[in-house]
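> Build me a structure from this.
(one chain, ligands or ions: 1)
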Amino acid sequence: MSELHPDVQEVLLSEDDIKEIVSRVGAEISRDYAGKNPLIVCVLRGAFVFTADLMRAITIPCAVDFMAVSSYGDGVVSSGVVRIVKDLDTHIEGRHVIIAEDILDSGLTLSYLINMLKARKPASIEIAAFTVKDTEGQGPAVKPRYVGTHVPDAFVVGYGLDLAERYRNLPYVGVLKPEAYANK
Ligand code: 5GP
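Have a look, this model is predicted:
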């Protein structure tokens, strides 16, 4: 167990929790996509850590490509704006696509992305979300086929998730102390 970062108030998912989650999702994907050579689409930057672990938990042939979108600014409140910063290099027509997402909150980012990618005629397109945020109300605008786990409605960091580009390297998922926001 690594030492707790001084800005972290509480660990929600430990390294062991994460390992268990990722190997379960990897096993599910390996079972469902046997013979389909799925393309794992990593939504940068937050999902890169999950994607790297997920790929290694998948035991069937698969490929990876990267997209970058921006839906949040440097702060903690959704701007509602989704912008494609980097597109895929892979042609996805006829491919089985699985979007690896770090955290599904409103789902607006992915709903936009999926609509855009569907126009390219993939054979199928699904979401593997490492975490889904439990929010009051309707829940996310898209339904992930694979859900790692749920997290409470709080701003979380670590395991790829940042606050203004910090904390992505924490090997666990946690909630920050209130004073960490003031220092950002
Ligand atoms: P959505 O469009 O589902 O509301 O937001 C999805 C994106 O917002 C995630 O991929 C992530 O980049 C960011 N996000 C949403 N909730 C959190 C959170 O609790 N912590 C961090 N670090 N990013 C979040």
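> Name the residues of stretch 126-142 that come out as buried.
If you call a residue buried by 16 or more other CB atoms under 10 Å, then stretch 126-142 has these buried ones: 126, 127, 128, 129, 130, 131, 132, 133, 140, 142. In this view, the C-beta of every residue, glycine as well, is placed from N, C-alpha and C.
> That stretch: end-to-end distance?
10 Å (CA to CA, to the nearest Å).
> what's in contact with that stretch?
13, 21-22, 25, 29, 40, 47, 50, 54, 97-108, 110-111, 114, 143-153, 156, 159, 173 (CB atoms under 8 Å, 6 or more residues apart in numbering).
> same check, this time on stretch 20-33
Contacts for stretch 20-33 (CB under 8 Å, 6+ apart): 13, 38, 50, 53-54, 56-60, 62, 96, 98, 128, 130, 146, 148-149.
> now stretch 5-14
In contact with stretch 5-14 (CB under 8 Å, 6+ apart) are residues 1, 4, 21, 131, 149, 151-152, 156-159, 167, 170, 172-180, 183.
> coming back round to it: may I see the ChimeraX selection of the buried members of the contacts of stretch 20-33?
Restricted to buried positions by 16+ other CB under 10 Å, the ChimeraX selection for those reads:
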select :13,38,50,53,54,57,58,62,96,98,128,130,146,148,149
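> Just the ones of the contacts of stretch 20-33 in strands?
Members of the contacts of stretch 20-33 lying in strands (criterion: DSSP state E): 13, 96, 98, 128, 130, 146, 148, 149.
> Nearest to residue 34, out of the residues you listed: which one, please.
residue 96 (11.0 Å; CB to CB).
> That closest one reaches residue 63, doesn't it?
No - look at residue 96 against residue 63 with CB atoms under 8 Å: they stay out of range, at 10.2 Å.
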